[in-house]
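Trainee: Fold the following for me, if possible:
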Amino acid sequence: MIDVMMFLLVFFVLISLNALPALGLRVALPYSSNPTHLEVTRRVTVTLTADGAVYVDGEQSSLESLTERLRVLAHAAKLTVVISGDRDARLQPLVSVLDALKRAGIVSATVIARQE
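Mentor: Residues are numbered from 1 along each chain as shown. Next up, the predicted model:
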């Protein structure tokens, strides 16, 4: 009985070793003679609330520390900033956020307005 079980075990192991390479296709992958490095773009969302609070990727931040925080993020990777705000948010915090973006050296941002 043990001999039969051992034979079945060896049989299934040998079959699985030979069957696994057959599952994929063998292809010659393309290559480039002059490869270039793609820049990674990081997306950061700045949110303005109705009470004037500022959030960077969900973490509360002050307007004073926003410039330095964005500067550090922009230094690590190319940065895309998305500004979203509450419909009852005041205009002054938005202008302050845009000033912080300029001081951080970020030249473009996207403002998202939700339509109802």
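
Trainee: check contacts around G85.
Mentor: By CB atoms under 8 Å, 6 or more residues apart in numbering, the contact set of G85 is T47, L48, T49, P93, L94, V111. C-betas here are computed from N, CA, C, even on glycine.

Trainee: quick one: pLDDT of it?
Mentor: Among the per-residue scores, G85 holds a pLDDT of 85.

Trainee: which phi and psi does it have?
Mentor: Reported as degrees, to the nearest 10, the phi and psi values for G85 are phi -140, psi 160.

Trainee: before we move on, back to that, filter the contacts of G85 down to the buried ones.
Mentor: Using 16 or more other CB atoms under 10 Å as the burial test, the contacts of G85 include T47, L48, P93, L94 as buried.

Trainee: Tell me how far the last one lies from A53.
Mentor: In this structure, L94 and A53 are 13 Å apart, going by CB to CB, to the nearest Å.

Trainee: just the first one next, same as before
Mentor: When CB to CB is the yardstick, T47 and A53 sit 8 Å from each other.

Trainee: Ok, E68 next?
Mentor: 18 Å.
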